[in-house]
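*Asks:* How does the following fold in three dimensions:
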Amino acid sequence: MATGRSGGRVRLQDVATLAGVSMKTVSNVVHDYEHVSERMRERVQAAIDELGYRPNLTARRLATGRTGMLALAIPEMDQPYFAEIARCVGEEAGRRGYRIIVEQTLNDVEAERAVIRDREEGLVDGVIFHPARIDTLEIARLRPDTPLVLLGEAARPLTTDHVMIDNVRAAREATELLLATGRRRIAFLASVRTEIAESTHLRLLGYQEAMVGADIPLDPTLVIESEGFGIDDGVRALTAALDRGLAPEAVLCRDDLFGLAAMRALSSAGLRVPEDVSVLGWDDTSLARYATPALSSVSPDKRAIATSALDLLEDRMNGYDGIGRHLLAPYTIADRGTVARLVR
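*Replies:* Coordinates of the predicted model:
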């Protein structure tokens, strides 16, 4: 902790004394008020940097009504997609002068209710939240006082801002990419048994649209069920399907974890990727980029998702109180080493 000239915590007065200005001037610089000359701002900032002064959050809130803190609530920190989203949000928030508190809800509905209802009230200026369990109507009923922006597919209340990609369209285009390489027997890995997530539902819908559009009869055996979301779950599910005689020419995966699972299960079965079976993941995480071979993957623009969410949140923090704005972020398909034309 930085210390002042008296040996205690650095105070506003210490900065003012070093800079040779009033405490009011230092406060104006700290709170980024407009009517401060650039020369004076640089002088005060130099003193702040030298002393390592950090504003007290309680005092700052009393003075400005804000803490400079934002919350990001995600289901699981150790999931690659959420880890990368957290990094993008943190970096973009830092550029705007905010600090981020990251909270994981672990897919627990009570933890998600707490995020919206009361946990961050008074501590942060706004919340970016990726729900997994709580539904659209409950979020609409709770109507938090703290500005809120939602990410993901699980809930989309009309009164709340929301950012996501068009999962149906992306899945349709991903399936069409596989079809364009001559693959017709395209499996989907996976529908998680007893718990079909909204993202899975939307991606399955896009997959079906592409298959029907290509006049290929839908085959329920090509939609593989998994007991869970982990790589081991995916390996077991695809291995069992191959053992039953399933012979896919391509596998569209609901995320990159299942993409890695598909490559491992296929390799263990003596099948080559992509020569025998193409594999296409989803989320374009570091797992995809550094896999061997590098995994082709649907690539949401995570930076655009973070930027859009913070734009909407700052609007709310600055007084916007209109109807919810639902934005679609861009995406691409990173075509790497696991998709190739089928040679018959």
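
*Asks:* residue contacts, the residue nearest the centre of the chain?
*Replies:* The centroid of the chain falls nearest to residue 85 when counting by Cα atoms, centre = their mean (3.7 Å). By Cβ atoms under 8 Å, 6 or more residues apart in numbering, the contact list for residue 85 reads 74, 130, 151, 302, 305-306. Backbone N, C-alpha and C define where each C-beta goes, glycine included.

*Asks:* mind listing which of those are in strands?
*Replies:* 74, 151 (DSSP state E).

*Asks:* What pLDDT is listed against the residue nearest to the centre of the chain?
*Replies:* Reported pLDDT at residue 85 in the predicted model: 98.

*Asks:* same thing with residue 270?
*Replies:* Reading off the model, residue 270 has pLDDT 98.

*Asks:* what's around it, how many residues?
*Replies:* 8 (other Cβ atoms under 10 Å).

*Asks:* State whether it is indeed within a helix.
*Replies:* No. Residue 270: not assigned to a helix; according to DSSP: H, G, I helix; E, B strand; the rest coil it is coil.

*Asks:* ok, which stretches of the protein are helices?
*Replies:* 12-19, 23-30, 38-51, 57-64, 80-95, 109-114, 136-142, 167-180, 198-213, 231-243, 256-268, 286-290, 302-317 (DSSP state H).

*Asks:* out of those helices, which comes closest to residue 249?
*Replies:* Counting by Cβ to Cβ, residue 249 lies closest to helix 167-180 out of the helices of the chain; the figure is 8.2 Å.

*Asks:* Mind splitting the protein into its structural domains?
*Replies:* 12-55, 69-165+301-331, 167-299 (automatic domain parsing).

*Asks:* Residue 341 is nearest to which of those?
*Replies:* Of all these, domain 167-299 comes closest under Cβ to Cβ, at 4.4 Å.

*Asks:* Residue 283 and residue 191: what is the separation?
*Replies:* 17 Å (Cβ to Cβ, to the nearest Å).

*Asks:* hmm, back to that, could you say which of the helices of the chain is packed most deeply?
*Replies:* helix 256-268 (a mean of 24; mean count of other Cβ atoms under 10 Å).

*Asks:* Compute the inter-axis angle for that one and helix 231-243.
*Replies:* Relative orientation of helix 256-268 versus helix 231-243 (axes from the mean of the first three to the mean of the last three Cα atoms, to 10 degrees): 40 degrees.

*Asks:* From the contact counts, what lies against helix 256-268?
*Replies:* helix 80-95, strand 186-192, helix 231-243, strand 250-253, strand 278-282, helix 286-290 (3 or more Cβ pairs under 8 Å, 6 or more residues apart in numbering; DSSP states H and E).

*Asks:* What lies in contact with the last one?
*Replies:* Outside of helix 286-290, the residues that reach it under the criterion Cβ under 8 Å, 6+ apart are 80, 84, 256-257, 259-260, 281, 294-297, 334, 336.

*Asks:* That one: how far from the chain's middle?
*Replies:* 16 Å (Cα atoms, centre = their mean, to the nearest Å).

*Asks:* What's the mean pLDDT across that helix?
*Replies:* Helix 286-290 comes out at a mean pLDDT of 96.

*Asks:* Report the contact partners of the closest residue to residue 117 other than its chain neighbours.
*Replies:* Leaving out its chain neighbours, the residue that sits closest to residue 117 by Cβ to Cβ, 6 or more residues apart in numbering is residue 142, at 5.6 Å. Counting by Cβ under 8 Å, 6+ apart, residue 142 touches 113, 116-117.

*Asks:* Residue 246 touches residue 219, doesn't it?
*Replies:* No. If you go by Cβ atoms under 8 Å, residue 246 and residue 219 don't touch, sitting 9.5 Å apart.

*Asks:* So, low pLDDT: which residues of this structure?
*Replies:* For the chain, applying pLDDT under 70 flags the ranges 1-8, 31, 34, 55-65, 118-122.

*Asks:* Check the gap between residue 45 and residue 107 for me.
*Replies:* Applying Cβ to Cβ, the value for residue 45 to residue 107 is 43 Å.

*Asks:* Same question for residue 169.
*Replies:* Going from residue 169 to residue 107 by Cβ to Cβ gives 26 Å.

*Asks:* Also residue 227?
*Replies:* The value you get for residue 227 to residue 107, if Cβ to Cβ is used, is 16 Å.

*Asks:* Export stretch 199-213 to CSV, keeping only CA atoms.
*Replies:* Extracted in CSV, the C-alpha atoms of stretch 199-213 (Å, rounded to 0.1, in the frame of the first residue of the first chain):
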residue,chain,number,x,y,z
SER,A,199,-27.2,-22.1,-27.1
THR,A,200,-27.4,-25.8,-28.0
HIS,A,201,-31.0,-25.5,-29.0
LEU,A,202,-30.2,-22.5,-31.3
ARG,A,203,-27.2,-24.2,-32.9
LEU,A,204,-29.2,-27.4,-33.5
LEU,A,205,-31.8,-25.3,-35.2
GLY,A,206,-29.3,-23.8,-37.6
TYR,A,207,-27.8,-27.2,-38.2
GLN,A,208,-31.3,-28.6,-39.1
GLU,A,209,-32.0,-25.6,-41.4
ALA,A,210,-28.9,-26.3,-43.4
MET,A,211,-29.5,-30.0,-43.7
VAL,A,212,-33.1,-29.5,-44.8
GLY,A,213,-32.0,-26.8,-47.2
